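In: got a sequence here, can you model it:
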Amino acid sequence: MSFLRKRRGVSGIISGLFLVAVAVMVFNVLAWQFFQYDAYHRIALERDQREWERFNERILISDVGSGSYLRFEISNIGGVAAHIVTVYLNDTTANVPQSFGLNDYITSNCSAWVGSGAKRWIYTTIPLVFGNVYDLKVTTERGNMGIVLKFKASGSETPEGTQFVPFTFSFRPEDYQWSSYIGGPWNNAWVFTASGSNVYFRVKVKNTAGGTVVVETRSHVNIVITSGASAMQSKANAALTSAVELAEGSEGWLVFGPIDKNKFDQGTFQYYNFFAVFYHYLSQPSVTLGTTVAILASEITR
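Out: As a prediction, this is how the structure comes out:
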């Protein structure tokens, strides 16, 4: 009888351990299911987010420049930033399709990222053959595509398309002004009577260089008389008064002077003002570039 009672005690312990083991197994199965569902849910959310971004990414090639190398303008009309990664260029004249990883051919002053609602010119080192006709496609990191068909590569012989310039002048009447003092007051400089002892000129320009630039003080205006002389004669030259930093797409004033009023001929004469601008990209301060922003006419009375 004592032996049987001992066996009944052992069987109770074994039964208890078995129940505990079953409970642990059930808990592990439930925990595994929970973690698997959570992992699946996170993956599904990430997939849905990627799909949402892909469907809300909308790009188009809004312009293609002419020249020896490919350059094009991307307009992002979607709701997310776009990253251009691949350029597909088909030379339809020579029947040569090519694929380029943009990261290997983009110039140092450009970015392949285009923000939502923004436009950006992208300059590449992909060569074009003068006179040939091309189809152009670009794709984003998310797999969306922009297409432009049948553009012609042109060079200096026959300029076509949109010519790239780092700065533009609008020719609005109030964007070209003069003053006797660097602090103003400023008035339109197309036709004026020089007063005071000095003359300052200023022009409002827009940065279209594709990045933030600094206009250097070596920039200058050269003033040439166009009437009352047998040939054009340089009458005055003045440097930029101070360096000007311009963000991409922004406008700013370039102020030149002072110019001694007596440098202008006595009476009423017409002059050409040649504005030469030297600048560098903020990211490349050691590389100076140059351009002519505008050649503007003034009729000045002294």
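
In: from here on, just use CA atoms for contacts and neighbour counts.
Out: Will do.

In: now the strands for the stretch 201-302 of the chain?
Out: Counting by DSSP state E, counting those that start in this stretch, the stretch 201-302 of the chain has strands at residues 213-215, 220-225, 233-239, 244-246, 251-260, 268-281, 289-301.

In: which of the ones you listed sits closest to R142?
Out: Proximity to R142 (CA to CA) singles out strand 268-281 among these, at 29.9 Å.

In: what residues does that closest one touch?
Out: The contact list for strand 268-281 (CA atoms under 8 Å, 6 or more residues apart in numbering) reads 109, 211-228, 286-302.

In: which of the residues you listed are buried, as a PyMOL select command?
Out: The buried subset of these, as determined by 16 or more other CA atoms under 10 Å, is captured in PyMOL by this line:
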select buried, resi 211+212+213+214+215+216+217+219+220+221+222+223+224+225+226+292+293+294+296+297+298+299+300+301
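
In: rewinding a little: would you turn the strands of the stretch 201-302 of the chain into TSV with distance to I14?
Out: Listed next are these as TSV, based on distance: least, CA to CA, whole Å:
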stretch	distance to I14
strand 213-215	82
strand 220-225	99
strand 233-239	99
strand 244-246	83
strand 251-260	86
strand 268-281	81
strand 289-301	89
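
In: out of those, which is closest to G183?
Out: Closest among the strands of the stretch 201-302 of the chain, once you apply CA to CA, is strand 251-260, at 10.1 Å.

In: who are the packing partners of that closest one?
Out: strand 198-207, strand 233-239, strand 244-246 (3 or more CA pairs under 8 Å, 6 or more residues apart in numbering; DSSP states H and E).

In: relative to L19, which of the ones you listed is closest?
Out: strand 244-246 (76.6 Å).

In: touching that closest one from outside, list them.
Out: Counting by CA under 8 Å, 6+ apart, N207, T212, V213, V214, V215, E216, G252, L254 sit against strand 244-246.

In: circling back to that earlier point, and the helices and strands packed on strand 251-260: which comes nearest A23?
Out: The closest of the helices and strands packed on strand 251-260 to A23 is strand 244-246. By CA to CA, the value is 70.6 Å.

In: show the average pLDDT along that closest one.
Out: The predicted model gives strand 244-246 an average pLDDT of 95.

In: that strand pairs with which strands?
Out: When pairing is defined by DSSP bridges, strand 244-246 lines up against strand 213-215 (antiparallel).

In: now the strand it pairs with, how far from the chain's geometric center?
Out: 15 Å (CA atoms, centre = their mean, to the nearest Å).

In: I'd like the average pLDDT over it.
Out: If you average the pLDDT values across strand 213-215, you get 95.

In: ramachandran angles for the spatially closest residue to V80 that is not a sequence neighbour?
Out: What sits nearest to V80 in space, not counting adjacent residues and going by CA to CA, 6 or more residues apart in numbering, is S116, at 5.1 Å. The phi/psi pair for S116 (degrees, to the nearest 10) reads phi -60, psi 130.

In: S116 and F100: what is the separation?
Out: S116 sits 24 Å away from F100, going by CA to CA, to the nearest Å.

In: between these two, tell me which one has more neighbours.
Out: S116 (18 against 14; other CA atoms under 10 Å).

In: ok, T217 touching V255?
Out: No. Judged on CA atoms under 8 Å, T217 makes no contact with V255 at a distance of 10.0 Å.

In: quick one, domains of the protein?
Out: 1-55, 59-152, 167-301 (automatic domain parsing).

In: and the last one, end to end?
Out: Taking CA to CA as the measure, domain 167-301 stretches 30 Å from start to finish.

In: now do that domain: distance to the chain's middle.
Out: Distance, centroid of domain 167-301 to centroid of chain: 25 Å (CA atoms, centre = their mean).

In: just the first one next, same as before
Out: A distance of 56 Å separates the C-alpha centroid of domain 1-55 from that of its chain, computed with CA atoms, centre = their mean.

In: so for that domain, mean pLDDT?
Out: On average, domain 1-55 scores 72.
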